[in-house]
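Novice: the amino acid sequence is not available; the structure is as follows:
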């Protein structure tokens with residue numbers, strides 16, 4: 001009887017030890033949404049990676065989603081605050097994206113941060129919000145893309161008006177859910193993401209959830225173009241790709257050249273897919289609702305341009321050094337060949 005009473009007491013007790021409360025404050029989140037959003041938009045973008053105007057538009061489009069309206073007597077956190085928490089997590093990686101850092105930044109509990117993020121991911125992935133952002137290009141958009149390709153290359157190449165490439169999104173740790181299958185050629189555990197975009201960076205098709213061990217040519221088959229290219233492309237049109245993709249009349253490859261999520265079961269895989277789809281969808285959303293932004297005056301954009309320029313210059317220097325080394329090697333080989341021929345003659 002005593003044992004039964006002890007078991008009942010154990011099941012009725014949620015915590016066996018007294019918890020140590022961690023002081024937290026939501027003042028920083030209030031500062032971002034109330035002060036920075038109005039008076040310091042550059043700081044607002046630094047935290048949430050979106051302009052205040054685009055944030056307001058996003059809020060207006062998501063706030064009526066049923067995921068934010070339940071039948072519970074307990075009211076949810078304001079939708080704007082939930083979106084801010086999700087955007088902060090989506091826009092950071094490494095230690096800055098750890099659950100501990102996010103909870104302290106937002107002044108919320110672990111479970112609350114996770115719940116807010118899941119709600120926002122589901123709202124963004126809702127077809128009512130997502131599908132209008134991924135329409136196949138119309139004639140005007142295709143002509144604009146073709147004109148860009150022609151200006152960058154030649155008239156004969158203008159019908160290759162879109163591009164595809166794959167990228168590996170690494171995980172912070174080895175997944176428990178079939179862990180070895182996520183191991184990629186770069187010795188990381190990752191997922192394969194396929195992106196098809198226009199020259200203006202608008203994404204028109206994507207594939208997510210692929211294993212890191214998958215080849216791009218395999219992951220690519222899950223997107224629309226390989227299966228529906230006859231319907232999507234007019235005769236003579238094609239998509240540009242690298243040599244990882246199969247060479248077809250509609251797919252040309254002329255040149256060869258720490259996501260913090262736990263993957264313990266199928267539910268975690270679903271969250272992974274929602275996470276990636278949300279990032280891709282938000283990319284197109286910001287392109288559409290920040291199209292009138294003056295990029296020349298945007299410090300965030302100019303910082304990225306400068307970084308890309310430095311990286312390109314570094315790669316150019318490496319290429320020059322490789323070419324010089326290759327030329328010297330070829331000259332030395334020719335000298336050796338001539339010396340050998342001279343001894344024979």
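Specialist: Structure received. All figures in this text were calculated on a predicted structure; none of them were measured in a lab.
Novice: so what's residue 23 up against?
Specialist: If you count contacts by CB atoms under 8 Å, 6 or more residues apart in numbering, residue 23 has none. Glycine gets a C-beta too; all of them are placed from N, C-alpha and C.
Novice: cool, residue 157 as well?
Specialist: Residues counted as contacts of residue 157 (CB under 8 Å, 6+ apart) are 149, 150.
Novice: hmm, try it at 10 Å
Specialist: Each residue near residue 157 by CB atoms under 10 Å, 6 or more residues apart in numbering is listed here: 146, 149, 150, 238, 240, 252, 254.
Novice: so residue 53 belongs to a helix, correct?
Specialist: Yes: the assignment for residue 53 (DSSP: H, G, I helix; E, B strand; the rest coil) places it in a helix.
Novice: distance of the residue lying closest to it once chain neighbours are set aside relative to residue 61?
Specialist: Leaving aside its sequence neighbours, residue 53 sits nearest to residue 289 (CB to CB, 6 or more residues apart in numbering; 7.2 Å). Separation of residue 289 from residue 61 (CB to CB, to the nearest Å): 10 Å.
Novice: report the buried members of the contacts of residue 157.
Specialist: The neighbour-count test (16 or more other CB atoms under 10 Å) marks 146, 149, 238, 240, 252 as buried among the contacts of residue 157.
Novice: and which of these is nearest to residue 199?
Specialist: Of all the buried ones among the contacts of residue 157, residue 149 has the smallest distance to residue 199: 6.6 Å, by CB to CB.
Novice: leaving out chain neighbours, which residue sits closest to the closest one?
Specialist: Nearest residue to residue 149, sequence neighbours excluded (CB to CB, 6+ apart): residue 158, at 5.1 Å.
Novice: how about that neighbour, what does it touch?
Specialist: By CB under 10 Å, 6+ apart, residue 158 lies in contact with 143, 145, 146, 147, 148, 149, 150, 151, 152, 236, 237.
Novice: would you confirm that the fifth one contacts residue 163?
Specialist: No: with contact taken as CB atoms under 10 Å, residue 148 and residue 163 are classed as non-touching, separated by 11.1 Å.
Novice: now do the shared contacts for the two.
Specialist: Common contacts of residue 148 and residue 163 (CB under 10 Å, 6+ apart): 198, 199.
Novice: could I have the PyMOL command that selects the buried members from the contacts of residue 158?
Specialist: Buried residues within the contacts of residue 158, by 16+ other CB under 10 Å, are selected in PyMOL with:
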select buried, resi 145+146+149+237
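Novice: tell me what the longest strand along the chain is packed against?
Specialist: The longest strand of the chain (DSSP state E) is strand 160-170. Judged by 3 or more CB pairs under 10 Å, 6 or more residues apart in numbering; DSSP states H and E, strand 160-170 is in contact with helix 139-152, strand 190-197, strand 203-211, helix 216-219, helix 224-232, strand 238-240, strand 251-252, helix 266-289.
Novice: pLDDT of the second one, averaged?
Specialist: Within the predicted structure, the mean pLDDT of strand 190-197 is 94.
Novice: give me the distance from it to the chain's centre.
Specialist: 8 Å (CA atoms, centre = their mean, to the nearest Å).
Novice: where in the protein is pLDDT low?
Specialist: 14, 254-263, 291-345 (pLDDT under 70).
Novice: can you tell me which residues contact the residue nearest to the spatial centre of it?
Specialist: Residue closest to the mean C-alpha point of the chain, counted by CA atoms, centre = their mean, is residue 279 at 5.1 Å. Residues near residue 279 by CB under 10 Å, 6+ apart: 90, 91, 121, 124, 169, 193, 206, 208, 259.
Novice: from residue 7, how far off is it?
Specialist: Residue 279 sits 47 Å away from residue 7, going by CB to CB.
Novice: next one: residue 55
Specialist: 51 Å.
Novice: alright, I will stop here.
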